[in-house]
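Enquirer: Sequence first, predicted model second:
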Amino acid sequence: MPELPEVESIRCQLEPLITGKTIIKGHSFPSKKFSQAKLASGFHVQTVKRRGKYLLINLDKELGGKIKLKELIIHLGMTGSVSIAKEKTDDPYVRAQWQLNDGQILLFRDIRRFGRIAVVNPNDYKSLPTLNNIGPEPFDPNLTAASFHKSLSSSRSHIKTKLLSQRIIAGLGNIYADESLWRSHISPVARRIGKDRSESLLISIREVLSEAIKNGGTTFRDYRTPDGLTGKNQHNLDCYGRAGKACNKCSSILKNRIVGQRSTTWCPQCQIS
DNA sequence: ACTGTAACCTGCAGGC
DNA sequence: TGCCTGCAGGTTACAG
């Protein structure tokens, strides 16, 4: 599914399309994962933000002279995408849709249904445990090499598992975790790493993510931005998806194994524990 | 509290 | 061509 760069690309495109619009009515596919879509009915879109891989849409509505605030949360799962349509669709994979006051429809499409919709009080994320316990944004200036190293040291699991957990740093998924570890010469099954290597990993994460954002995200299968276009970052990957091919640094053959239930590619020569 | 694992879904590519 | 198997970018509930 979309990781931070893909969600950020979507957020950028979506923001000017729906900011200031009113949601007349929300509908959803009959599943608990999407049924809260209708709770956004009658609200007005203030802003479109992102936290990790979550899209956060701030909503407000006037009720009896008072302003009521809500937050519409969209998580795209593995195969989710959002788009704007002019007319109703019979696409069977649309899991939620919101009729806007300008006649357009905001669609959430998700083939595998790993995505999720929630409407909550602002900043009340207890129904979404991962978001509720999410770590700092990768580009947060308060995230330093020292604080990153301290968070990494608090757990004994594989470093790749820690990166995917969202609790130490927000927004990394399987692609960018493998890319960042490759770039910083760290084995995905390392458990403890020193201060210098933590700093090098943080630098690599920031580089990998900024390049991916600049390239509009990585497209393998389903990922599309609201304008229907694909990203270009798949041409910029050194590690993910290259098992059996030569390492771009040392020419050894990249290997693949399962780490933390996820397919993991790494270079056994230059990535060390 | 922490860690690891199964489960949730559907489509697609590859092997026979 | 058709069937079967394994695989895919994530999160959550639950067991130990």
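Expert: Received it, and whenever you're ready, just let me know what you need.
Enquirer: ok, now which ones touch the residue in the stretch 151-273 of chain A that DNA strand C sits nearest to?
Expert: Closest residue of the stretch 151-273 of chain A to DNA strand C, Cβ to the nearest atom of the strand: A:Gly173 (1.8 Å). In short, each C-beta sits where N, CA and C put it, glycine included. For A:Gly173, the contact set (Cβ atoms under 8 Å, 6 or more residues apart in numbering) comprises A:Met1, A:Pro2, A:Glu3, A:Leu4, A:Lys53, A:Leu164.
Enquirer: Restricting to these, which residues neighbour DNA strand B?
Expert: Checked against DNA strand B using Cβ under 7 Å from any atom of the strand, the contacts of A:Gly173 yield no neighbours at all.
Enquirer: Farthest pair within the residues you listed?
Expert: Greatest spacing in the contacts of A:Gly173, by Cβ to Cβ: A:Pro2 and A:Leu164 (14.4 Å).
Enquirer: The two: which has the busier surroundings?
Expert: Neighbour count, other Cβ atoms under 10 Å: between A:Pro2 and A:Leu164, A:Pro2 has more, with 29 against 22.
Enquirer: The more buried one - nearest residue in space that isn't next to it in sequence?
Expert: A:Leu76 (4.8 Å; Cβ to Cβ, 6 or more residues apart in numbering).
Enquirer: before we move on, what about A:Lys86?
Expert: Leaving aside its chain neighbours, A:Lys86 sits nearest to A:Gln104 (6.2 Å; criterion: Cβ to Cβ, 6+ apart).
Enquirer: per-residue confidence at that neighbour?
Expert: You'll see A:Gln104 listed with a pLDDT of 96.
Enquirer: Please apply the same query to A:Met1.
Expert: So A:Met1 comes in at 60 (pLDDT).
Enquirer: check contacts around the residue nearest to A:Lys86.
Expert: For A:Gln104, the contacting residues are A:Leu17, A:Lys21, A:Ile84, A:Ala85, A:Lys86, by Cβ under 8 Å, 6+ apart.
Enquirer: where does A:Ser210 sit relative to A:Asp110, distance-wise?
Expert: As judged by Cβ to Cβ, to the nearest Å, A:Ser210 and A:Asp110 stand 27 Å apart.
Enquirer: who's more crowded, those two?
Expert: A direct count of neighbours by other Cβ under 10 Å for A:Ser210 and A:Asp110 places A:Asp110 higher, at 27 against 13.
Enquirer: from what I can see the more buried one touches A:Ser83, true?
Expert: No. Using Cβ atoms under 8 Å, A:Asp110 makes no contact with A:Ser83, being 11.8 Å away.
Enquirer: Could you list the contact residues of the stretch 151-273 of chain A toward DNA strand B?
Expert: Contact residues (Cβ under 7 Å from any atom of the strand) of the stretch 151-273 of chain A with DNA strand B: A:Ser154, A:Ser155, A:Arg156, A:Ser157, A:His158, A:Thr161, A:Gly260, A:Gln261.
Enquirer: Now the spatially most central residue of chain A: closest residue in space, sequence neighbours ignored.
Expert: Centroid check for chain A by Cα atoms, centre = their mean gives A:Lys53 as the closest residue, at 2.4 Å. Distances taken as Cβ to Cβ, 6+ apart place A:Val7 nearest to A:Lys53, at 5.1 Å, with adjacent residues excluded.
Enquirer: Next, the contact list for the one you found, please.
Expert: With Cβ under 8 Å, 6+ apart, A:Val7 has these contacts: A:Arg50, A:Gly52, A:Lys53, A:Tyr54, A:Leu55, A:Leu76, A:Gly171.
Enquirer: Could you check which helix or strand contains it?
Expert: Assigned by DSSP states H and E, A:Val7 belongs to helix A:4-18.
Enquirer: and that helix, anywhere near DNA strand C?
Expert: Yes. Using Cβ under 7 Å from any atom of the strand, helix A:4-18 reaches DNA strand C at A:Glu6.
Enquirer: Now the element after that helix, going C-ward?
Expert: Helix A:4-18 is succeeded, C-terminally, by strand A:23-28 (DSSP H and E).
Enquirer: residues of the next helix-or-strand element following that next one that come out buried?
Expert: Scanning forward in sequence from strand A:23-28 by DSSP H and E, the next helix or strand is strand A:44-51. For strand A:44-51, burial by neighbour count (16 or more other Cβ atoms under 10 Å) applies to A:His44, A:Val45, A:Val48, A:Arg50, A:Arg51.
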